[in-house]
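J.: give me a model of this one.
(3 chains)
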Amino acid sequence: MRMMRPTRKHGSRRSRASLEDKLFKYSVMGIAALVLALLWSLVVKLVFDAQTSIETFGIDFLTSTIWDPNRDLYTALPFIFGTLMTSAVAIVIGVPISIGIAIYLSELAPAWIREPLSFLIELLAAVPSVIYGLWAIYTLRPVLTGSVEPFLMDALGWTPFFEGAAFGIDKLASGIILAVMIIPTVASVSKESMMAVPDSQREAALSLGATKYESTRMAVLSYARSGIFGATILGLGRAVGETMAVTMTIGNANIISWSLLDPGQTMASVIANNWGEADGLMLSSLIEIGVVLFIVALLINVCARLMVGRVMKAVPMTGGGL
Amino acid sequence: MRSYRSRRKWKNRIASLLALVCVLVALVPLVSILMEVVSRGAPAIDWAFLTERTKSSGAPDSGIGNAILGSLLLVMWASLIGLPFGILTGVYVSEYGDNWFGRTVRFFNDILANFPSVVIGLFAYSLIVTVIGFSLISGAFALAIIMIPIVANTTEDALRMVPNSLREASLALGVSRWRTVLKVIISNGRSGLVTGALLAIARVAGETAPLILTSFGNNFWETGLTEPVAALPLVIFRNAMSPYADLQEQAWGAALVLITMVLSLNVVVRLLTRKRMKLYKVVKKTWKERLSLSV
Amino acid sequence: MEGKIVTERLNAFFGEVHAVKNVNMSIPANAITAIIGPSGCGKSTLIRCLNRMHEVVRGARAAGKVYLDGEDIYDPETDPVEVRRKVGMVFQKPNPFPTMSIYDNVVAGQRLNGEKDWKKLDETVERSLKLAALWDEVKGQLDASGVSISGGQQQRLCIARALAVEPEVLLLDEPCSALDPIATAKIEDLLFDLKDKYTIAIVTHNMQQAARIADFTAFMYMGELIEFGETKKLFENPMEELTENYITGRFG
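T.: Numbering: from 1, shown residues only, chains lettered A, B, ... in the order given. Reported below is the predicted structural model:
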């Protein structure tokens, strides 16, 4: 019987390999950590740059409504308001349409049409935001001024939401274009949530004598409701952070107005619109607005992530810019 | 009861119709945008348009050549920075990330992938523009930050799809862990890595806000890293808001060029993904052969 | 005697696959009929044709006639929704609606039919849960989620839910295969009690179960109905050799 003696060669090769392994592992880990660290340091640096503004205005920054570069008075409230209004319009218009799309793709569409249609809907997310803006100015606006807004003024002009003139460059226009932009996100995540509902649930409803619509409501929508809700929050996150299409359609007016037919400004658009000439205190204020936007977007996206979990990868990442 | 039953039938029919209507409503903007961009942008396109640099209104032979070049440069530099970091982060999370740190990285990547790009532009401004000024490198840096979480996520997904049996077999053959990851896993997942990179590129090619904050645009041919650079989205933005018809036409022309680039990338990605899904079944059967070839 | 459900040249397909071949079967009223056979013989497919659930699967279709009390449920004028109300089904794995309470699960079908009267709904809940031998166990927790109870209880909940719409026939597709022997016994007992009021057809891979509870048994093999008869006779003195081979365990 031959004795198998462990040779020197074996031993050193083994330990060398594990040294290389450790090196590789820790380098890769280091890069991941570096990325994380970089991001956090950027946040810190931003807050630091906003210091001047924070110190000058304090809490008034969030409560005052005067934005006047001539007097060096800045505030965030009009833009928080604008962001909220445009996002609300986007959700109100975009989410029902997205859920309808999701229901169609998940429950009603014949097998051969499902994939190509899903692709087309996702393509909506691939269009760069600046092109959405361009289209909104030259194609959507005439439609708004020509028929939609006059109609709204006639029908709902007595409410505070539809007073004013119909110029087509206002919070309504921004809201509509935002609605279009969040549709691919909300629709695909909702669709994934619905498709994840087991068939046994649909069968349970159908076997009780439910119509397809009733079965979808009873078995699919309620089962998938947390996913659909998460999809909505994701859509909200996108709407809040959207910059270019809003900048090009909202009218660059640093005021608070409840009418959707009045121009306005969002947190994102005020930064884009004023960056060129900004310096000193104004610059610091714009950065502070950026910090507020960052916090809002962070909170929304964290909520969405917690609710929807790893279904996030269903979010079309072909976004053409925010 | 009879009428109630027929009411239910009608509700069913109307609901199905409504769902279809939603789909059509969503497709209207897509079709309209494509049609408008082509019909308004095509007249602007000629050789001069694609090769001359941007000039102010009324100047003859104004083109977007420098913007095309600028966009290409921005994307190239952004990819040089963003792709390696993104891919390696994705490799980490997929292969070594089964712990609290890996989960944290993945969590923040998911958040960042959907972040407002204007805030990312602010980051880049804070860090680089304050030091170097409005420049190509600041813009590329901002775009790279946008790319990294996207690429990390798609890389992680692509590598996770590589069957575990491949990893185990490679390790069982005595191949070291790092070589397994590098040569076996990555090469088997490379299709997914490629599509992820293409998606990220398509995404940043269309970004405008970060560029407003970091590169500012330029009417001249400029390739220096520390100089402001022109870019297609910036040209579109500036000219769209201009009152001059010739500049507006330029905006549409630039939009046509940009959307062609972006949509082609997306279509390519879709085709590659479909091919990969079909191929995946073949891969599973032949992993033994692939293993011997890649090690 | 004409059966409650009579199939005439019933064929079922999944795309190109011919799963049920020319089955002529008569299911007697107020009795338990068991359908047995080896895996893949088409027994589940057959039973799903009896309440038009088969066609719900993409690419699936059925041909032939199925008479319920003399009327063909596959007649083009007939609404499948109406058929399914009359012919209820309980599935292999319990599938209560997880977002609904036990109460809401039971009355789900009633609500579909427009019933809104609280008192009537309460009565339905009590009646159905008693029929399903579940009332005593859950009467104190009717608000609890439909999935907060054990597997055996969930299956009985599904039976209660199916019975709440007052069907004429109850179809069960291997209802006990996911359950332990005690839960199985409870369900077998309640089926025995139900047959006075309902016509019951049960698919089972468990021959002993068929022998225990069924009045009649159908044996299927490779999509065809090989033999049908009184359970006792089929098991003790089968007419076909295939049947005998299956029963004695030579295959399946």
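J.: any idea how many residues pack against residue 147?
T.: You didn't pick a chain, so chain A it is. A count of nearby residues for A:S147, using other Cβ atoms under 10 Å in any protein chain shown, gives 11. Heads up, the C-betas are built off the backbone N, CA and C, glycines and all.
J.: not what I meant, chain C
T.: The number of residues packed near C:V147 is 17, by other Cβ under 10 Å.
J.: wait, a strand at it?
T.: No - read with DSSP: H, G, I helix; E, B strand; the rest coil, C:V147 is coil and lies in no strand.
J.: how about the contacts made by it?
T.: C:P96, C:P98, C:Q154 (Cβ atoms under 8 Å, 6 or more residues apart in numbering or on different chains).
J.: ok, it to chain A distance?
T.: In this view, C:V147 and chain A are 11 Å apart by Cβ to the nearest Cβ, to the nearest Å.
J.: for that residue, report the pLDDT, please.
T.: Listed pLDDT for C:V147 reads 92.
J.: B:V295 now?
T.: Looking at B:V295, its pLDDT stands at 36.
J.: centre-most residue in the chain?
T.: Picking chain A for this. Centroid-nearest residue in chain A, with Cα atoms, centre = their mean: A:R238, separated by 0.9 Å.
J.: nope, chain C please
T.: Centre-most residue of chain C, counting by Cα atoms, centre = their mean: C:L171, 1.6 Å.
J.: and the helix or strand hosting that one, anywhere near chain A?
T.: Element membership of C:L171, judged by DSSP states H and E, is strand C:169-173. No - judged by Cβ under 8 Å from any Cβ of the partner chain, strand C:169-173 stays clear of chain A, getting no closer than 8.5 Å.
J.: chain center to that strand, what's the gap?
T.: 1 Å (Cα atoms, centre = their mean, to the nearest Å).
J.: roughly how far does the residue nearest to the centre of chain A sit from A:S98?
T.: 12 Å (Cβ to Cβ, to the nearest Å).
J.: flag the helix or strand of the chain with the lowest per-element mean pLDDT.
T.: Since you didn't name a chain, this refers to chain A. helix A:8-49 (a mean of 75; mean pLDDT, DSSP states H and E).
J.: you answered for a different chain; I wanted chain B.
T.: Lowest-scoring helix/strand for chain B, mean pLDDT, DSSP H and E: helix B:287-294, at a mean of 46.
J.: helices - which of the contacts of C:V147 land there?
T.: Within the contacts of C:V147, residues falling in helices by DSSP state H are C:Q154.
J.: and the residue in chain B that chain C sits nearest to, helix, strand or coil?
T.: For chain B and chain C, the shortest gap (Cβ to the nearest Cβ) falls at B:Y4, measuring 5.0 Å. When classified by three-state DSSP, B:Y4 comes out as helix.
J.: show me what contacts it?
T.: Neighbours of B:Y4 in contact, by Cβ under 8 Å, 6+ apart: C:N113, C:G114.
J.: show me where chain C has helices.
T.: Going by DSSP H, chain C shows helices at C:43-49, C:80-86, C:102-112, C:118-131, C:135-138, C:151-164, C:181-194, C:207-213, C:231-236, C:241-247.
J.: same thing with the stretch 1-150 of chain B?
T.: For the stretch 1-150 of chain B, applying DSSP state H, counting those that start in this stretch gives helices covering B:2-41, B:47-51, B:65-91, B:100-113, B:117-124, B:130-132, B:136-161.
J.: what do you get for the stretch 51-200 of chain A?
T.: Using DSSP H, counting those that start in this stretch, helices in the stretch 51-200 of chain A cover A:51-57, A:77-103, A:111-126, A:129-135, A:141-143, A:149-156, A:171-195, A:199-207.
J.: and among these, the most buried is which?
T.: helix A:129-135 (a mean of 29; mean count of other Cβ atoms under 10 Å in any protein chain shown).
J.: dump that one to PDB, restricted to CA.
T.: What follows is helix A:129-135, C-alpha atoms only, in PDB (Å, rounded to 0.1, in the frame of the first residue of the first chain):
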ATOM      1  CA  SER A 129     -37.900  62.900 -20.500                       C
ATOM      2  CA  VAL A 130     -36.700  65.900 -22.500                       C
ATOM      3  CA  ILE A 131     -38.500  64.400 -25.600                       C
ATOM      4  CA  TYR A 132     -41.600  64.100 -23.600                       C
ATOM      5  CA  GLY A 133     -41.300  67.700 -22.800                       C
ATOM      6  CA  LEU A 134     -40.800  68.600 -26.400                       C
ATOM      7  CA  TRP A 135     -43.800  66.700 -27.400                       C
END
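J.: now residue 49. Nearest residue, chain neighbours left out?
T.: You didn't pick a chain, so chain A it is. Leaving aside its sequence neighbours, A:D49 sits nearest to A:I287 (Cβ to Cβ, 6 or more residues apart in numbering or on different chains; 4.9 Å).
J.: nope, chain C please
T.: Leaving aside its sequence neighbours, C:C49 sits nearest to C:A62 (Cβ to Cβ, 6+ apart; 5.0 Å).
J.: residue contacts, residue 20?
T.: Let's take chain A. By Cβ under 8 Å, 6+ apart, the neighbours of A:E20 are B:S176, B:W178.
J.: chain B is the one I meant
T.: Counting by Cβ under 8 Å, 6+ apart, B:L20 touches A:Y104, A:L108.
J.: apply 10 Å and report the result again.
T.: Residues in contact with B:L20 (Cβ atoms under 10 Å, 6 or more residues apart in numbering or on different chains) are A:G100, A:I101, A:I103, A:Y104, A:L108, A:A109.
J.: before we move on, back to that, which element, helix or strand, includes the residue nearest to the centre of chain A?
T.: Secondary structure from DSSP H and E places A:R238 in helix A:225-241.
J.: show me what counts as buried in that helix.
T.: A:227-241 (16 or more other Cβ atoms under 10 Å in any protein chain shown).
J.: packing partners of the helix or strand following it?
T.: Next helix or strand after helix A:225-241 toward the C-terminus (DSSP H and E): helix A:244-249. When contacts are defined as 3 or more Cβ pairs under 10 Å, 6 or more residues apart in numbering or on different chains; DSSP states H and E, helix A:244-249 packs onto helix A:77-103, helix A:129-135, helix A:171-195, helix A:267-274, helix B:117-124, helix B:209-214, helix B:232-240.
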